[in-house]
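Participant: Okay, predicted coordinates and the sequence, questions at the end:
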Amino acid sequence: MPSQLSPSSPAAECVADDQIAAVRAFNRFYTRRLGVLDQHLGKSPFSLSEARVLYELAHRDELAAKEIGNELGLDPGYLSRIIQSFDEKGLITRRPLPADRRQYQLSLTAKGRQAFAKLNLSSQNEVAAMLARLSASDASRLTQAMATIEAVLEQRRTQPAAVMLRSHRVGDMGWVVSRQAAAYAADYDWDISYEALVAEICAQFIRNYDAAREHCWIAEVSGEPVGSVFLVKATDEIAKLRLLQVEKKARGLGVGRALVEQCIQGARERGYSKMTLWTQSILVAARGIYQSAGFRLVATEPHRSFGQDLVGETWERDL
């Protein structure tokens, strides 16, 4: 984080030299401590810059190359080489922007999402190992200090659109089946057997619906459905979270987090003592939401489903 101020600039004169030195010293320590100056991340085939581009593509849909460059501060020529490499490896798709065909809209392929999932898991494990060496109080102090740094330096973003959660109604189950099937086919190349599974879950939910113990929430933005989640009975004591889904255009608005938090609250209100869910290792964004909501990974199992080789994961949390 080198200073962008010249020694003679008015702004530089208003900042104490010891403050500038402290920030620069911390930056050197932080990058050295986390190893981000290494050419490659751990045993990953990706450089730091490549990993950052993958991260942006995994968490923000259909980005233009120029947007990524501006966000990450990458040289256009260097970014172009990264994108070309990703394209040759089958990690991304590129489509010319209708407004400017010299610019490309980028999306991860199923192979690209799998590559990011592997990279993300490796990074999570490395950070977890670092935090495990600290006491609980020191780990809390560290993460709180990081949050403070981010809050102070990050510019306030535009206020997102309001998200409203409502109960399911006639027609919603058909929408859930259609959007789930289309989204997973587009993002992960899952076949039509997944659509059949979702249809069975929705049909069973309606056929055996017990309002005292189960519920479905539909998320809306400006009156349009953009996401859903189901709370269903597993046992008298255990609730199951199912079919969390957020439309691409609504990602980044906190829809997934709001749906999961509502599902947890709904389970508490219905008297459950524990909640469980089943997901896949490649669903990186969803796994992040579950983890931040207090779920913990308790079991994994490789399986062949929906035309793909997957790793199923069971997550649980007490209520």
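Facilitator: Okay, I see it. Numbering: from 1, shown residues only.

Participant: center of this protein - which residue?
Facilitator: The centre of the chain sits closest to A285, judged by CA atoms, centre = their mean, with a distance of 2.4 Å.

Participant: What are the buried residues along the helix or strand harbouring that residue?
Facilitator: Following DSSP states H and E, the helix or strand that holds A285 is helix 284-292. Under the neighbour-count criterion of 16 or more other CB atoms under 10 Å, helix 284-292 has V284, A286, R287, I289, Y290 buried. Placement of C-beta: from N, CA and C, glycine included.

Participant: what are the ranges of the strands in the protein?
Facilitator: 63-64, 92-96, 104-108, 164-167, 215-221, 224-233, 238-246, 274-280, 296-305, 308-318 (DSSP state E).

Participant: Now do the contacts for R169.
Facilitator: If you count contacts by CB atoms under 8 Å, 6 or more residues apart in numbering, R169 has them with I218.

Participant: C216 touches H168, doesn't it?
Facilitator: Yes - checked against CB atoms under 8 Å, the pair C216 and H168 is within contact range at 3.9 Å.

Participant: Give me the common contacts of the two.
Facilitator: Common neighbours of C216 and H168, counting by CB under 8 Å, 6+ apart, are S228.

Participant: who's more crowded, these two?
Facilitator: Neighbour comparison, C216 and H168: the larger count goes to C216, with 24 against 19 (by other CB atoms under 10 Å).

Participant: is the more buried one in a bridge, and if so with what?
Facilitator: According to DSSP bridges, the partner residues bridging C216 are F230.

Participant: who's in contact with it?
Facilitator: C216 is in contact with S167, H168, D172, V176, F205, S228, V229, F230, L231, counting by CB under 8 Å, 6+ apart.

Participant: Buried by neighbour count, from these: which ones?
Facilitator: H168, D172, V176, F205, S228, V229, F230, L231.

Participant: Show the contacting residues for the second one.
Facilitator: Shown here is D172, whose contacts under the criterion CB under 8 Å, 6+ apart are C216, I218, P225, S228.

Participant: In this structure the second one contacts V170, no?
Facilitator: What it means is I218. No - contact between I218 and V170 fails when scored by CB under 8 Å: they sit 11.8 Å apart.

Participant: The two - which one has more neighbours?
Facilitator: Using other CB under 10 Å, the more surrounded residue of I218 and V170 is I218, with 19 against 7.

Participant: Any idea how many residues pack against F86?
Facilitator: 23.

Participant: what about stretch 243-261, average pLDDT?
Facilitator: Predicted confidence along stretch 243-261 averages 90 (mean pLDDT).

Participant: so which of the contacts of D172 comes closest to Q180?
Facilitator: Set against Q180, the nearest of the contacts of D172 by CB to CB is S228 (8.3 Å).

Participant: so the closest one makes contact with V177?
Facilitator: No - counting by CB under 8 Å, S228 stays clear of V177, with 10.4 Å between them.

Participant: And the closest residue to T314 other than its chain neighbours, how far from I149?
Facilitator: Counting by CB to CB, 6 or more residues apart in numbering, T314 lies nearest to A299, which is 4.3 Å off, once chain neighbours are set aside. Plainly put, A299 is 36 Å away from I149 if you go by CB to CB, to the nearest Å.

Participant: Next, the contact list for the residue nearest to L108 when sequence neighbours are not counted, please.
Facilitator: Once flanking residues are discounted, L108 sits nearest to L57: 4.9 Å by CB to CB, 6+ apart. Going by CB under 8 Å, 6+ apart, L57 touches L63, I68, I92, L106, S107, L108, G112, F116.
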